[in-house]
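A.B. asks: Requesting a structural model of the entry that follows:
(chains A and B)
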Amino acid sequence: MAVMTKNIEEIQNEIIDEFDLLDGDRESTIFYIMELGQDLPAIDESDKVDENIIKGCQSKVWLTTDFVDGHVIFNADSNTDITKGLISLLIRVLNNRTPQEIINADLFFFDKIGMNGVIGSQRSNGFASMIKQMKFYALAYSAKS
Amino acid sequence: MIDVEQLRKEFPILSTEVNGHALIYFDNAATNQKPKVVVDALQEYYDGYNSNVHRGAHTLADKATKAFEETRTLLQEFINAGKSEEVILTKGTTEGINLVAQTYGRMVLNEGDIVLVSTMEHHSNIVPWQLIAKEKGASVLPIPVSEEGEIIFEEYEKLLSEKVKIVAVNHASNALGTINPVEDIIQKAHAIGAKVLIDGAQSAAHLTVDVQAMDCDFFVTSAHKMFGPTGMGFLYGKEELLNAMPPFLGGGEMIKEVSFEGTTFNELPYKFEAGTPNIADTIAFGVAVQFINKWGKENIAAHEKALLDYATEKLKKEVPTAKIYGEAQNKVSVLSFVIENIHNYDIGMMLDARGIAVRTGHHCTQPLMARYGLEGTVRASFSAYNTFEEVDKFIEGLVRIVKMFG
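C.D. replies: Model (predicted):
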């Protein structure tokens, strides 16, 4: 595996800087998240099954994982671009990390970029469910390794 | 025609901003906004004559009772019911349907019997029937709807049999806007001895409702879709049916005499109004009805129809990747659609960023969405206070969204 050049905190700060450029404009922020969503590679249709669905999300979100050389690889998809954009941010921060890094990750970027106010409480709860599910996989892999 | 600018002045919320933009409120089928007179009525009651109704021997109680009962009379006139006793005050459409299902339904349904609903019903006109049907060994069957979103009348006629005891359909569909031919539906149902409940949640503020001409057995609606407060509504029922039905909830107000040997029940309408009622909202509901009367329901309907036609035409022309669901001949002001490659939630959020409020999702009509193979739609629904300029901004917003993500 390639050596990660940036740690979890650095990547989060990078995201915060990017969103800062949008100057808190709600429409630009949503457009940006949707663009991120459209850039996220789709997962195989065969992986879009109920057991891969993250519970607690208003829209459908599928999450699959691999465990390669002690690192967790996440792939995700959703039926809505905003949701895809949101999970793409989480993947950017947590992908290809060790289970321990993921479990211990303090995810502060969401609050810092004021996302709760933009996407509303229901989607924020969904976002929390995504984090929970990712950490849950990490925990399962840490028990295996 | 309505002087929309004048009308808008009655609604303080319409001059507020959302996300830095003037509010454009197109979620009227979910709930519409409240004119100041309605909100003032709530405050005047609590500040000026708050008191329990029907029992006090003092001035305030008398004033509250008169104001409370005036709403019943206004509602009676509003739907042209024969008697004010036929108007039962409820928490809303949902409670009204549950009341009828749990009393009339309980009384008439037996094993093998059928309740017919249409595929385009709101969940609140499906689930209460399923609950009682399950208990009684009866079933709830759907009347199919066409691609355009109309009840397929021949299919309805085929479903009618002596097993059908109740037909429950909406006057207008919340998800498609379709106005259903309720008079014909009722006539056919009566011919086989079934009774009919009309869900008027989407019609009461938009269509002329004459329960006697319609000849429905029950009619239910909600105040909050009629410029009135939330948690308030009424049930109309034919007197002979209401008299034959057992009570729904037990408690104060609904009794004549209580003893441990046996309790007797109050006369209509109080038999179905257990407990201290929602007095303030009932009074404010009456003010909302007067507000509709003042502006004229026909004027309101004409303006809403003009908005719907304008928006429909403009959407078709300027957003070719939009597909409209609900192209019935007769519609209330509901425009439901999807846009290719963009999820309805995402459209809703992007519009919201520009201060435009629409509804997205399944609109509590999952069987209907399944009928069209949809997860949901974007729904814009118009009210008397909406303007053509707002429709322009809405379409502009959609065009921009499609340009970026379509």
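A.B. asks: pretty sure A:Ile16 belongs to a helix, no?
C.D. replies: Yes - under DSSP: H, G, I helix; E, B strand; the rest coil, A:Ile16 sits within a helix.
A.B. asks: counting contacts, what elements does the longest helix anywhere in chain A pack onto?
C.D. replies: Ranked by residue count under DSSP state H, the longest helix found in chain A is helix A:115-144. If you count contacts as 3 or more CB pairs under 8 Å, 6 or more residues apart in numbering or on different chains; DSSP states H and E, helix A:115-144 packs onto helix A:26-39, strand A:61-68, strand A:71-78, helix A:81-94, helix A:99-104, helix A:109-112. Every residue, glycine included, has its C-beta placed from N, CA and C.
A.B. asks: which parts of the fifth one are buried?
C.D. replies: What that stands for is helix A:99-104. For helix A:99-104, the neighbour count (16 or more other CB atoms under 10 Å in any protein chain shown) marks A:99, A:101-102 as buried.
A.B. asks: residues touching B:Ala306, list them.
C.D. replies: B:Ala306 makes contacts with B:Phe388, as judged by CB atoms under 8 Å, 6 or more residues apart in numbering or on different chains.
A.B. asks: Next, name the residue at the spatial heart of the chain.
C.D. replies: Because you didn't say which chain, this covers chain A. A:Leu90 (2.1 Å; CA atoms, centre = their mean).
A.B. asks: switch to chain B, that's the one I care about
C.D. replies: Judging by CA atoms, centre = their mean, chain B has its centre closest to B:Ala201, at 0.8 Å.
A.B. asks: doesn't B:Val220 make contact with it?
C.D. replies: Yes - between B:Ala201 and B:Val220 there is a contact at 7.5 Å, judged by CB atoms under 8 Å.
A.B. asks: any common contacting residues for the two?
C.D. replies: B:Thr93.
A.B. asks: So which residues on chain A come close to chain B?
C.D. replies: Residues of chain A lying close to chain B (CB under 8 Å from any CB of the partner chain) are A:26-27, A:30-31, A:34, A:38, A:58-59, A:79-83, A:119-120.
A.B. asks: any idea of the pLDDT on residue 1?
C.D. replies: Went with chain A since none was named. If you check A:Met1, the pLDDT there is 49.
A.B. asks: I was after chain B.
C.D. replies: Note for B:Met1: predicted pLDDT of 84.
A.B. asks: and it, how many neighbours does it have?
C.D. replies: 7 (other CB atoms under 10 Å in any protein chain shown).
A.B. asks: measure it to A:Val61 for me?
C.D. replies: Distance, B:Met1 to A:Val61, by CB to CB, to the nearest Å: 48 Å.
A.B. asks: mind checking the end-to-end distance for stretch B:339-355?
C.D. replies: Stretch B:339-355 has its terminal residues 20 Å apart, counting by CA to CA, to the nearest Å.
A.B. asks: Could I get the average pLDDT for it?
C.D. replies: For stretch B:339-355, the mean confidence score works out to 96.
A.B. asks: Please spell out which residues along it are buried.
C.D. replies: Across stretch B:339-355, burial judged by 16+ other CB under 10 Å covers B:339, B:342-355.
A.B. asks: right, quick check: that stretch against chain A, any contact?
C.D. replies: Yes - applying CB under 8 Å from any CB, one finds that stretch B:339-355 is in contact with chain A at B:342-343, B:345-346, B:349-350, B:353-354.
A.B. asks: what's the most distant pair in those residues?
C.D. replies: Of all pairs drawn from these, the widest gap by CB to CB lies between B:His343 and B:Arg354 and measures 17.6 Å.
A.B. asks: Show the contacting residues for A:Ser78.
C.D. replies: Per CB under 8 Å, 6+ apart, neighbours of A:Ser78: A:37, A:57, A:59-62, A:84, A:87.
A.B. asks: Oh, that last question was meant for A:Phe109, not what I typed.
C.D. replies: A:Phe109 neighbours (CB under 8 Å, 6+ apart): A:12-13, A:15-16, A:89, A:93.
A.B. asks: Identify the farthest-apart pair in the residues you listed.
C.D. replies: Top of the distance list for the contacts of A:Phe109 (CB to CB): A:Asn13 and A:Leu89, 13.0 Å.
A.B. asks: Of those two, which one has the most company?
C.D. replies: Set A:Asn13 next to A:Leu89 and count neighbours by other CB under 10 Å: A:Leu89 wins out with 25 against 15.
A.B. asks: Ignoring the adjacent residues along the chain, who's closest to A:Ser43?
C.D. replies: In this structure residue A:43 is Ile, not Ser. Excluding the flanking residues, the one nearest A:Ile43 by CB to CB, 6 or more residues apart in numbering or on different chains is A:Asp77, at 4.3 Å.
A.B. asks: Tell me how far the one you found lies from chain B.
C.D. replies: Distance, A:Asp77 to chain B, by CB to the nearest CB, to the nearest Å: 12 Å.
A.B. asks: Dig out what that residue forms beta bridges with.
C.D. replies: Beta bridges link A:Asp77 to A:Trp62 when assigned by DSSP bridges.
A.B. asks: Can you say which helix or strand has B:Arg55 in it?
C.D. replies: Of the helices and strands defined by DSSP states H and E, none includes B:Arg55.
A.B. asks: Tell me how many other residues crowd the closest residue to the residue nearest to the centre of chain B other than its chain neighbours.
C.D. replies: Excluding the flanking residues, the one nearest B:Ala201 by CB to CB, 6+ apart is B:Thr93, at 4.3 Å. Using other CB under 10 Å, B:Thr93 is surrounded by 27 other residues.
A.B. asks: just the contacts of A:Phe109 now: which is nearest B:Val115?
C.D. replies: Looking across the contacts of A:Phe109 and measuring by CB to CB, the closest to B:Val115 is A:Leu89, at 48.3 Å.
A.B. asks: Surely the closest one and A:Asp39 touch.
C.D. replies: No - contact criterion CB under 8 Å: A:Leu89 and A:Asp39 do not qualify, at 11.4 Å.
A.B. asks: residues in contact with the one residue in the stretch 1-150 of chain B that gets nearest to chain A?
C.D. replies: Nearest residue of the stretch 1-150 of chain B to chain A (CB to the nearest CB) works out as B:Asn19 at 5.1 Å. With contact set as CB under 8 Å, 6+ apart, B:Asn19 has these partners: A:26, B:352-355.
A.B. asks: out of those residues, which are inside helices?
C.D. replies: A:26, B:352.
A.B. asks: nearest to B:His122, of the contacts of B:Asn19?
C.D. replies: Nearest to B:His122 among the contacts of B:Asn19: B:Asp352, at 23.4 Å, using CB to CB.
A.B. asks: can you name the farthest residue from the center of chain B?
C.D. replies: B:Glu261 (41.1 Å).
A.B. asks: And it, what's its pLDDT?
C.D. replies: On the pLDDT scale, B:Glu261 gets 93.
A.B. asks: now do B:Gln33
C.D. replies: With respect to pLDDT, B:Gln33 has a value of 98.
A.B. asks: For stretch B:161-177, give the distance from the opening residue to the closing one.
C.D. replies: With CA to CA, one end of stretch B:161-177 sits 28 Å from the other.
A.B. asks: what comes up buried for that stretch?
C.D. replies: For stretch B:161-177, by 16+ other CB under 10 Å, it's B:163-177.
A.B. asks: cool, and stretch B:77-92?
C.D. replies: For stretch B:77-92, a neighbour-count test (16+ other CB under 10 Å) marks B:78-79, B:81, B:84-92 as buried.
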